[in-house]
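K.L.:
Here is a sequence with its predicted model. Questions after.
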Amino acid sequence: APSEGAVVADLPGLIEGAHVGKGLGRVFLRHLRRAAVLCHVLDASLPDPAEDYFTVREELRLYNPQLLARPHVVVLNKVDVEGVAEMAGDLQAAVAHRAREVQERYAAMPGVEAGQATRSLPHAVLPLSATEGLGASMLAEAIEGALRCQ
């Protein structure tokens with residue numbers, strides 16, 4: 001199976017300016033060089049998870065644009081929090097919209113081919129409750145699928 005021997009690394013949330021060394025950004029960003037698949041876990045209970053996704057993807061683009069061509073999965077965590085599950089569809093659409101914005105910026109960069117830009121879109125955007133285990137099997141399947149895409 002493609003996931004045999006796969007290594008998982010947890011990187012704490014990046015902040016705006018990480019690509020220039022703000023916070024521990026560059027220290028954490030260096031660990032992404034060997035990652036075959038990225039998994040962005042967003043707190044869906046926060047005011048704007050789609051903006052949080054956009055910020056992280058922009059930091060990756062500014063640090064090393066090639067990272068955007070890696071397959072990635074977006075997880076909307078905390079759907080067990082009151083009111084979040086009802087917004088999951090809207091949040092998924094908002095993340096997809098922001099993903100297209102990053103794709104457009106990436107595609108406009110010198111030397112980026114159309115196929116690379118297309119690969120910058122998420123393999124999946126999934127709701128999850130880590131507390132209750134809801135969506136865990138879908139996440140495992142999505143990561144498996146993303147590993148096959150590399």
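P.N.:
In hand now; what should we look at? Numbers count the residues shown, from 1 in each chain.

K.L.:
so where's this structure uncertain?
P.N.:
1-5, 7-15, 18-26 (pLDDT under 70).

K.L.:
for it, which helix is longest?
P.N.:
helix 84-107 (DSSP state H).

K.L.:
mind checking the backbone torsions on the most far-flung residue of the chain relative to its centre?
P.N.:
In the chain, counting by CA atoms, centre = their mean, Glu82 sits farthest out from the average C-alpha position, at 23.7 Å. As for Glu82, its main-chain torsions (degrees, to the nearest 10) stand at phi -50, psi 130.

K.L.:
neighbouring contacts of stretch 81-94?
P.N.:
44-45, 49-50, 76, 78-79, 125, 127 (CB atoms under 8 Å, 6 or more residues apart in numbering). Any C-beta I mention is one placed from the backbone N, CA and C, and that applies to glycine too.

K.L.:
Of the residues you listed, which is the most crowded?
P.N.:
In terms of neighbour count, Leu76 stands highest of the contacts of stretch 81-94 at 28 neighbours, by other CB atoms under 10 Å.

K.L.:
any idea which element the nearest residue to Leu46 once chain neighbours are set aside lies in?
P.N.:
Spatial nearest neighbour of Leu46, excluding adjacent residues (CB to CB, 6 or more residues apart in numbering): Asp52 at 6.7 Å. Per DSSP states H and E, Asp52 falls inside helix 49-63.

K.L.:
got the buried residues for the longest helix of the chain?
P.N.:
84-85, 87-88, 91-92, 94-95, 98-99, 102-103, 105-106 (16 or more other CB atoms under 10 Å).

K.L.:
Okay, strands next: where are they in this protein?
P.N.:
Ranges of strands in the chain, per DSSP state E, are 38-43, 72-77, 124-127.

K.L.:
on contacts alone, who are the packing partners of the last one?
P.N.:
Judged by 3 or more CB pairs under 8 Å, 6 or more residues apart in numbering; DSSP states H and E, strand 124-127 is in contact with strand 72-77, helix 84-107, helix 136-149.

K.L.:
Which of the ones you listed sits closest to Glu16?
P.N.:
helix 84-107 (14.2 Å; CB to CB).

K.L.:
what separates the closest one from the chain centre, distance-wise?
P.N.:
Distance of helix 84-107 from the chain centroid (CA atoms, centre = their mean, to the nearest Å) equals 11 Å.

K.L.:
Send me that helix as CSV with only the CA atoms.
P.N.:
Coordinates of each C-alpha in helix 84-107 appear next as CSV, following Å, rounded to 0.1, in the frame of the first residue of the first chain:
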residue,chain,number,x,y,z
VAL,A,84,-19.9,24.2,13.5
ALA,A,85,-21.4,21.1,11.9
GLU,A,86,-24.2,23.2,10.4
MET,A,87,-21.6,25.5,8.8
ALA,A,88,-19.3,22.6,7.5
GLY,A,89,-20.6,22.9,3.9
ASP,A,90,-20.1,26.7,3.8
LEU,A,91,-16.7,26.3,5.3
GLN,A,92,-15.7,23.7,2.7
ALA,A,93,-16.8,26.0,-0.1
ALA,A,94,-14.9,29.0,1.5
VAL,A,95,-11.7,26.9,1.7
ALA,A,96,-12.1,25.8,-1.9
HIS,A,97,-12.5,29.4,-2.9
ARG,A,98,-9.4,30.5,-1.1
ALA,A,99,-7.5,27.5,-2.6
ARG,A,100,-8.3,28.8,-6.1
GLU,A,101,-7.0,32.2,-5.1
VAL,A,102,-3.7,30.6,-4.0
GLN,A,103,-3.7,28.6,-7.2
GLU,A,104,-4.0,31.8,-9.3
ARG,A,105,-1.1,33.4,-7.5
TYR,A,106,1.0,30.3,-7.8
ALA,A,107,0.2,30.0,-11.5
